[in-house]
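Undergrad: predicted structure and sequence below. I'll ask about it afterward.
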Amino acid sequence: MKITEVSTRLVDLPLPKPIETAIHSMRSVGCVLVEVRTDEGLVGESFAFTLNGDRVKAFDEMIIGLGELVVGRDPHETEGIWHDLWTEINPTGHKGVTVAALSTIDVACWDIVGKAAGLPLHKLFGACRSTIDTYASSGLWLSTPVDDLGAEATAFVDQGFRAVKLRIGSQTIADDVRRVQAVRDAIGPDIGLLVDANQAFSPKHAMRLAAELEAFDLVWFEEPVSADDLVGHAEVRANSRTPIASGETEYSRFGLQAMIDARAADVLMPDLQRIGGYSEFRKAAASASANHLPVSSHFFTEQSLAIAGSTQNCISVEHIDWFAPLFNEDPELIDGKLLIPDRPGTGFTFRP
């Protein structure tokens, strides 16, 4: 089997309404849809995205450029292709757009491998479970007024979610405490509550806030400080009883290893696009496991299920519904958990 073509399409998915975090203002997600075609008729699919479609054409150009290098290769050579592309991008850097392009090609190749074998990828990788914990992450934004948080959180619970994530990052500790209080009061003590500061705070502010939030029995406190402040992360972690989650902004297993070495987080959150695709996600998760740390995937709900179903130390998959219009299939929520699909490859196909 040989790869004959790597093609792309650009689409913009508008969000139901503009939303904000401490560092983002979002109205849509711009996506590069990737199809890797073979001489046997099998097609591997994947995608990359940018908030608001910012610089999406740069992602497209990088994917097309790297795609030219895999034409003629057997898509089963996932490790060889990954290594050759990693070497190729050395002059332009091992972070950012270059890694995103490598990731989409890697995921698409693995999709072909699964389809060729007639197996879902989690079974090809070595299955360990058929369902995985999840949390609702498509709402409770910092731009949501505190008076509306309770109803929005309750709506997620009514949909079957057993955990929800709230964005914080207000100017004052008191305002963030009120936001957390509103959600906890609405969902009760038995529903998991996670908070995400989106890198909003200094370490001292984050530690003061973490102490105030201990009473709410949080699952984790995510990205309390700047993603590149590993010392600050470690300081907050050492002084907080609430687990610290981070890692979505790290690139490759080397970036995640730096977080491990710095003791910067209790839960590591690789992002499929930034970490380097399935090939690299599996290596990063293995490094985390060797250090007795769990992983929880960031975004990419649909494609991350293959990792969750084959990675023993994966504790959850983030449920974000932004990309649902892309696919013919929907993730299935059963008793608060996501079902790992049994369909070949990633288990999700583009809806033309």
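TA: Thanks, I have it.
Undergrad: which residues does stretch 92-103 contact?
TA: 46, 48, 55, 58-59, 62-63, 65-66, 82, 85-86, 89, 251-252, 254-255, 272-277, 280 (CB atoms under 8 Å, 6 or more residues apart in numbering). No exception for glycine: its C-beta is placed from N, CA and C like everyone else's.
Undergrad: please redo it, this time with the cut-off set to 7 Å
TA: Stretch 92-103 is contacted by residues 48, 58-59, 62-63, 66, 82, 85-86, 89, 251-252, 272-274, 276-277 when judged by CB atoms under 7 Å, 6 or more residues apart in numbering.
Undergrad: give me the mean pLDDT for that stretch.
TA: Average pLDDT, stretch 92-103: 98.
Undergrad: could you tell me the end-to-end distance of it?
TA: 15 Å (CA to CA, to the nearest Å).
Undergrad: pull out the buried residues from that stretch.
TA: By neighbour count, with 16 or more other CB atoms under 10 Å as the criterion, the buried positions of stretch 92-103 are 95-103.
Undergrad: low-confidence ranges, this structure, go.
TA: Along the chain, no part satisfies pLDDT under 70.
Undergrad: redo that, cut-off 90
TA: Scanning the chain with the threshold set as pLDDT under 90 gives 352.
Undergrad: quick one: the strands in it?
TA: Counting by DSSP state E, the segments of the chain that form strands are 3-20, 25-38, 43-51, 131-136, 163-167, 192-196, 221-222, 244-246, 267-268, 295-297, 314-319, 333-334, 337-339.
Undergrad: residue 182: which of those is closest?
TA: Distance to residue 182, taken as CB to CB, is lowest for strand 163-167 among those, at 8.9 Å.
Undergrad: need the strands of the chain in JSON lines with distance to residue 151 and mean neighbour count, can you?
TA: Supplementary listing: the strands of the chain in JSON lines, determined by distance: least, CB to CB, whole Å; neighbours: other CB atoms under 10 Å:
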{"stretch": "strand 3-20", "distance to residue 151": "15", "mean neighbour count": "15"}
{"stretch": "strand 25-38", "distance to residue 151": "21", "mean neighbour count": "20"}
{"stretch": "strand 43-51", "distance to residue 151": "26", "mean neighbour count": "22"}
{"stretch": "strand 131-136", "distance to residue 151": "14", "mean neighbour count": "22"}
{"stretch": "strand 163-167", "distance to residue 151": "12", "mean neighbour count": "25"}
{"stretch": "strand 192-196", "distance to residue 151": "16", "mean neighbour count": "24"}
{"stretch": "strand 221-222", "distance to residue 151": "23", "mean neighbour count": "26"}
{"stretch": "strand 244-246", "distance to residue 151": "26", "mean neighbour count": "26"}
{"stretch": "strand 267-268", "distance to residue 151": "28", "mean neighbour count": "24"}
{"stretch": "strand 295-297", "distance to residue 151": "26", "mean neighbour count": "27"}
{"stretch": "strand 314-319", "distance to residue 151": "19", "mean neighbour count": "23"}
{"stretch": "strand 333-334", "distance to residue 151": "20", "mean neighbour count": "14"}
{"stretch": "strand 337-339", "distance to residue 151": "24", "mean neighbour count": "19"}
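Undergrad: looking at those, which is nearest to residue 236?
TA: With distances scored as CB to CB, the stretch of the strands of the chain nearest to residue 236 is strand 244-246 (6.0 Å).
Undergrad: in helices, which of the contacts of stretch 92-103 appear?
TA: 58-59, 62-63, 66, 82, 85-86, 252, 272-274, 277 (DSSP state H).
Undergrad: how many neighbours does residue 345 have?
TA: Each residue near residue 345 was counted by other CB atoms under 10 Å, and the total is 28.
Undergrad: that one contacts residue 114, correct?
TA: Yes - A contact is recorded between residue 345 and residue 114 when judged using CB atoms under 7 Å, the distance being 3.6 Å.
Undergrad: which residues do these two both contact?
TA: With the criterion set as CB under 7 Å, 6+ apart, the overlap between the contacts of residue 345 and residue 114 is residue 121.
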